[in-house]
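Visitor: Sharing a model that was predicted from the sequence below.
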Amino acid sequence: MAQFDVYKNSSKQTQQTYPYILDIQHSLIEDLATRIVVPLGDAKKFKNVELKGLTPRVEFEGKNLLILMPQITSMSTRSLKDPVGTLSHLRDEIISSLDLAITGI
């Protein structure tokens with residue numbers, strides 16, 4: 001598992017709204033049984049409203065998505081199988097949105 005890997009959401013109940021899960025946990029703390037994650041939400045389900053700096057917009061696998069930092073959570077590593085891509089190229093935006101959520105800066 002690598003920081004900023006993207007996984008398909010396996011939950012049939014939520015995958016329409018949140019098609020992907022973004023792993024934001026640094027690999028330095030990989031021995032835990034959980035990972036810190038953020039859902040990637042279908043922008044259409046959120047009326048295409050991006051909260052500047054807090055929910056960065058990203059295109060992934062042809063879908064217009066929002067990185068929903070306010071919905072940060074953790075998941076069991078067993079629930080995250082076979083990454084389908086990475087958003088490591090957006091590292092600065094992801095870290096900035098996390099920083100905004102925590103510090104307001």
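Guide: Now that the structure is in, tell me what you want to look at.
Visitor: Residue ranges in the chain under the pLDDT threshold?
Guide: Within the chain, not a single segment meets pLDDT under 70.
Visitor: which residue is nearest the middle of it?
Guide: L22 (3.0 Å; CA atoms, centre = their mean).
Visitor: what sits against that one?
Guide: L22 sits next to F4, D5, V6, Y7, V37, V38, P39, L40, I67, L87, I94 when contact means CB atoms under 8 Å, 6 or more residues apart in numbering. C-beta here means a position set from N, CA and C on the backbone, and glycine is covered the same way.
Visitor: can you check S88 too?
Guide: With contact taken as CB under 8 Å, 6+ apart, S88 is in contact with A2, Q3, F4.
Visitor: let's go with 6 Å and repeat that
Guide: Contacts for S88 (CB atoms under 6 Å, 6 or more residues apart in numbering) come out as F4.
Visitor: From P56, how far off is it?
Guide: Using CB to CB, to the nearest Å, S88 is found at 14 Å from P56.
Visitor: Please enumerate the strands of this structure.
Guide: Remark: strands assigned in the chain by DSSP state E are 5-8, 20-23, 34-42, 57-60, 63-67, 73-76, 85-86.
Visitor: I'd say Q25 and V38 touch.
Guide: No - Q25 is not in contact with V38 according to CB atoms under 6 Å; the separation is 10.2 Å.
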